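Participant: here are the coordinates; sequence isn't available:
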């Protein structure tokens, strides 16, 4: 199993380390020619969503990745990655717009508003959730499953091949969310 990690900006190295610990191979997508390599899943890391959207467009990666995601490629977006996948973005423009969610950017305030909690994640159990200038999901469309909430706000959701978290599971040392994503890829590969 090979997972591509978008590596144009943001916290991508921690995702790669997590994947390697779980025995998955991975490589970085930095330019359009990287899309020629075969891959089974894609991670969109945290970072600055506005900068990432601009770079995706400038590097001519936006449309090819949107097509892959729309065609069923398993994708996991954390924090800014959640915003990139959202069909609606409060206070911003959609990027891929493939997932039926409305994202509220920087919902918890500035860097000083960062925090860590333990909450229930549907299908996994209680896990640590590290929020850093995080968004949350204001609403989901029909067919989008809510997997976790913190203080009544949606912080994790799944829609078919797309998984998003408002928090950063890659920095907690807990590998269960990444394993959940690898299980999604495995289930997709089994269907083929």
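Facilitator: All right, it came through fine. Model, not experiment: these values are computed from the prediction. Numbers count the residues shown, from 1 in each chain.
Participant: So residue 102 versus residue 91, what's the distance?
Facilitator: Distance of residue 102 to residue 91, given as CB to CB, to the nearest Å: 11 Å. Backbone N, C-alpha and C define where each C-beta goes, glycine included.
Participant: And the helices in this protein?
Facilitator: Per DSSP state H, the chain carries helices over the ranges 13-21, 49-58, 62-70, 80-85, 176-191.
Participant: of those helices, which approaches residue 124 most closely?
Facilitator: helix 176-191 (4.9 Å; CB to CB).
Participant: Quick one: mean pLDDT over that closest one.
Facilitator: Taken as a whole, helix 176-191 has an average pLDDT of 94.
Participant: And stretch 135-149, by the same measure?
Facilitator: 96.
Participant: List the contacts of the residue nearest to the spatial centre of the chain.
Facilitator: The centre of the chain sits closest to residue 77, judged by CA atoms, centre = their mean, with a distance of 0.6 Å. Counting by CB atoms under 8 Å, 6 or more residues apart in numbering, residue 77 touches 43-44, 83-85, 162-165.
Participant: Turn those into a markdown table, columns for distance to residue 23, neighbour count and pLDDT.
Facilitator: Shown next, in a markdown table, are those (distance: CB to CB, whole Å; neighbours: other CB atoms under 10 Å; pLDDT from 0 to 100):
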| residue | distance to residue 23 | neighbour count | pLDDT |
| --- | --- | --- | --- |
| 43 | 16 | 26 | 98 |
| 44 | 21 | 32 | 98 |
| 83 | 29 | 31 | 97 |
| 84 | 27 | 30 | 98 |
| 85 | 26 | 28 | 98 |
| 162 | 23 | 25 | 98 |
| 163 | 19 | 26 | 98 |
| 164 | 24 | 29 | 98 |
| 165 | 21 | 30 | 98 |
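Participant: would you turn those residues into a markdown table with distance to residue 33?
Facilitator: A markdown table is the format used below for these (distance: CB to CB, whole Å):
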| residue | distance to residue 33 |
| --- | --- |
| 43 | 19 |
| 44 | 19 |
| 83 | 26 |
| 84 | 21 |
| 85 | 23 |
| 162 | 25 |
| 163 | 27 |
| 164 | 27 |
| 165 | 29 |
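Participant: just those residues now: which is nearest residue 7?
Facilitator: residue 43 (9.5 Å).
Participant: distance of the closest one from residue 149?
Facilitator: 23 Å.
Participant: so who does the nearest residue to residue 92 once chain neighbours are set aside touch?
Facilitator: Nearest residue to residue 92, sequence neighbours excluded (CB to CB, 6 or more residues apart in numbering): residue 105, at 5.6 Å. Neighbouring residues of residue 105 by CB under 8 Å, 6+ apart: 49, 83, 89-92, 135.
Participant: what do you get for residue 43?
Facilitator: So residue 43 contacts 3-6, 12, 15, 19, 75-78, 81, 181 (CB under 8 Å, 6+ apart).
Participant: on that earlier part again, out of the helices of the chain, which is closest to residue 155?
Facilitator: Per CB to CB, nearest to residue 155 of the helices of the chain: helix 80-85, 8.9 Å.
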